[in-house]
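Asker: Got a sequence here, can you model it:
(one chain, ligands or ions: 2)
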Amino acid sequence: MNNLLITGGAGFIGSNFVHHVMQTHPGYRVIVFDKLTYAGNLDNLKDVSTDPRYTFVQGDICDAETVKRVMREQQIDAIVNFAADTHVDRSLMDAGTFIQTDVYGTYVLLEAAKEFGVERYHQISTDEVYGEVLEGRSTEVDRLHTRSPYSASKAGGDLMCLAYFTSFGVPVTITRGSNNIGPYQYPEKVVPLFITNAIDNVPLPLYGDGSQMRDYQYVQDHCEGIDVVLHHGSPGEIYNLGTGVETRNIDMAQLILKLLGRSQSLIQPITDRPGHDRRYALDCGKIQALGWHSRHNFEETIEKTVHWYVENQWWWRKIKSGAHYEEYYERQYAGRETDLKLA
Ligand code: NAD
Ligand code: DAU
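Answerer: Ligands and ions are numbered 1, 2, ... in the order given. Model prediction:
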């Protein structure tokens, strides 16, 4: 596996994975293929941009011709697909691009994987495909019960991957990760949004009463897990990837304010997300049997992330001061304040 195509490699997890691969597999060439949507950002890859082992191609995974040209020219051995539309709230505003990229784009990549006979096609998926899990933990054989257009699109991509394994023998693996946080996460997702608002003393818009739970994992741990599955996972198999510890959103918000020395009164309850999944929880026994464990606990994960956003204001201030972000923020949050009691 010498030449790795990393689609969506200019996004949050993809760029962290590029850094991880270039540090841990010095013999690999990394070809990042990314459309550079609002969420793609070459600043995320600034420090590898002059490395001779790195190539960037701007392109859409739905564009079969360009995908195949890059496969041929770069002699790709394996594909790791991070490219997706990823924000649940945006999928509630407009689901079309989610279906296009997360389902059709996955199909285009699988066709290329089949035609060029890659050693591995790895799909980055999400715990959201299991839907809300009020009790217990999801295992990889649980039925899919998607509830948002985002999760439905991701499930469509997963099923297409499994179909290409069964029908054509494409050596597919899938990882289903919980909520990642860490460097280079676009500040529409809750943790970087709350940290950057708190730095600026701006209210933290908390959905509902804040009692919903997520398993927040450090992005580097997730990247290490993906690496393990890419190299040691079995074709046709799915692996859950998370810490196994869930935290309420209200507790996450309070910890961020405490670490930044800001008043807890910055927490502003707002009307809930429609169809908001209360809890996801993963059983990660299958990947742990391959020797992977997440190395950071919740407090360390939040502390490291807060520290990064404090130290890297050059990165997120550019984004937050842009017209795209401001328009989105207005559309998403204006007039939603409530006097709901917090959990
Ligand atoms: P992100 O939104 O930060 O980045 C997505 C990247 O994909 C961007 O660089 C964007 O430009 C690119 N992209 C989008 N559409 C494209 C297209 N049509 N062609 C080529 N590139 C395109 O996303 P992320 O948070 O880094 O998530 C990466 C993957 O991990 C996604 O598949 C997501 O579903 C999955 N995932 C994310 C999380 C999380 O907590 N962020 C957790 C589990 C799984
Ligand atoms: O679980 C994995 C998923 O995690 C990934 O597949 C998605 O790509 C990623 O976006 C993330 O989805 P979530 O919906 O869980 O993440 P988000 O950061 O949008 O929200 C996390 C929690 O915080 C959720 O319970 C909703 C809440 N929230 C979110 C926002 C944006 C708020 O209370 N206020 C907010 O402003």
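
Asker: Output the set of residues of the stretch 101-250 of the chain in proximity to ligand 1.
Answerer: 101, 105, 124, 126, 154, 177, 179-180, 186 (Cβ under 6 Å from any ligand atom). Glycine gets a C-beta too; all of them are placed from N, C-alpha and C.

Asker: which of the residues you listed has the most neighbours?
Answerer: Of all those, the most densely surrounded is Lys154 (29 neighbours; neighbours counted as other Cβ atoms under 10 Å).

Asker: right, and that one touches Asp127 too?
Answerer: No - the pair formed by Lys154 and Asp127 falls short of the contact definition of Cβ atoms under 8 Å, at 9.9 Å.

Asker: pLDDT score for the residue in the chain that ligand 1 sits nearest to?
Answerer: Going by Cβ to the nearest ligand atom, ligand 1 is nearest to Gly11 of the chain, at 2.0 Å. Reported pLDDT at Gly11 in the predicted model: 99.

Asker: burial count for Val108?
Answerer: For Val108, using other Cβ under 10 Å, the count is 20.

Asker: which residues does it contact?
Answerer: 61-64, 67 (Cβ atoms under 8 Å, 6 or more residues apart in numbering).

Asker: rerun that using 7 Å as the cut-off
Answerer: Residues in contact with Val108 (Cβ atoms under 7 Å, 6 or more residues apart in numbering) are 61-62, 64, 67.

Asker: quick one on the thing from earlier: most widely separated two among the residues of the stretch 101-250 of the chain next to ligand 1?
Answerer: Distance extremes for those: the farthest pair is Gly105 and Asn179 at 22.4 Å, using Cβ to Cβ.

Asker: Next, the buried residues of stretch 6-23.
Answerer: 6-22 (16 or more other Cβ atoms under 10 Å).

Asker: how far out from the middle of the chain is stretch 289-299?
Answerer: Computed by Cα atoms, centre = their mean, to the nearest Å, the chain-centroid distance of stretch 289-299 equals 17 Å.

Asker: could you check whether that stretch is close to ligand 2?
Answerer: No - looking at stretch 289-299 against ligand 2 by Cβ under 6 Å from any ligand atom, there are no contacts, and the closest approach is 13.9 Å.

Asker: can you pull the buried residues of that stretch?
Answerer: In stretch 289-299, the ones that count as buried by 16+ other Cβ under 10 Å are 292, 294, 296, 298.

Asker: Just those: which are in helices?
Answerer: Taking DSSP state H, the ones among these that sit in helices are Phe298.
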